[in-house]
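Visitor: The following comprises the amino acid sequence and a computationally predicted model.
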Amino acid sequence: MDTPLKQKTYAYPTELVYLILANYLELFSKMNSGNTIKKIKKGILYIHSRHHDLLEIYGFGSFFRSEEANDCDLLLVVSNDCIDLGRLHAELSKAFQLLGSRLSLPFDLTILTEREHQRKPLREHDILIPLSKKFLKNI
């Protein structure tokens with residue numbers, strides 16, 4: 001009978017954060033061929049500039065932890081004051097679907113209001129990778 005694989009546990013959450021950030025940097029250095037990362041940044045900046053109710057964009061999930069990702073998970077934070085969340089959701093979904101088609105990289109979107117984002121509902125919420133306009137210059 002096979003014994004189950006043991007997962008490595010981390011004594012400190014910061015160890016996990018550093019591991020994910022190291023994998024993230026390694027992944028993006030490997031992905032840089034063909035200017036993929038530049039195209040992702042440019043696409044995110046364009047989408048962000050077209051939607052004033054879109055406040056922040058973060059990356060998370062397997063795309064940022066390893067190179068064997070099927071998609072790219074993004075958290076989009078929208079304004080609490082957005083008048084038509086349904087319309088905004090549809091527009092953002094379409095914009096990221098088009099970007100994903102151009103890059104051959106599907107995006108899986110999680111869209112939260114500022115209030116919802118403050119509650120930190122995602123399992124990886126404390127280790128989100130900032131990708132929004134004000135953060136992109138530093139990546």
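Guide: It's in. Residues are numbered from 1 along each chain as shown.

Visitor: does residue 121 count as helix, strand or coil?
Guide: With DSSP: H, G, I helix; E, B strand; the rest coil as the basis, residue 121 sits in coil.

Visitor: so who does it touch?
Guide: residue 112 (Cβ atoms under 8 Å, 6 or more residues apart in numbering). Bear in mind the C-beta positions are built from the backbone N, C-alpha and C, glycine included.

Visitor: The one 10 residues further on too?
Guide: Contact analysis of residue 131 by Cβ under 8 Å, 6+ apart lists 41, 44, 57-59, 74, 139.

Visitor: give me that answer again for 10 Å
Guide: Contacts here follow Cβ atoms under 10 Å, 6 or more residues apart in numbering; on that basis residue 131 touches 40-41, 44-45, 48, 56-60, 64, 72, 74-76, 139.

Visitor: Make a ChimeraX selection of the buried ones in these.
Guide: Buried residues among the contacts of residue 131 (16 or more other Cβ atoms under 10 Å), as a ChimeraX selection:
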select :40,41,44,45,48,56,57,58,59,60,64,72,74,75,76
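
Visitor: which one among the contacts of residue 131 gets closest to residue 103?
Guide: Of all the contacts of residue 131, residue 40 has the smallest distance to residue 103: 6.6 Å, by Cβ to Cβ.

Visitor: just curious, which of the contacts of residue 131 is nearest to residue 110?
Guide: Among those, and counting by Cβ to Cβ, the member closest to residue 110 is residue 75, at 4.9 Å.

Visitor: Could I have the CA atoms of the host helix or strand of the closest one written out in PDB?
Guide: Assigned by DSSP states H and E, residue 75 belongs to strand 72-78. Extracted C-alpha coordinates of strand 72-78, given in PDB (Å, rounded to 0.1, in the frame of the first residue of the first chain):
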ATOM      1  CA  CYS A  72      -3.700  33.300 -14.300                       C
ATOM      2  CA  ASP A  73      -5.800  34.200 -11.200                       C
ATOM      3  CA  LEU A  74      -6.400  37.900 -10.700                       C
ATOM      4  CA  LEU A  75      -8.200  39.700  -7.900                       C
ATOM      5  CA  LEU A  76      -9.900  42.900  -9.200                       C
ATOM      6  CA  VAL A  77     -10.900  45.400  -6.500                       C
ATOM      7  CA  VAL A  78     -13.700  47.800  -7.500                       C
END
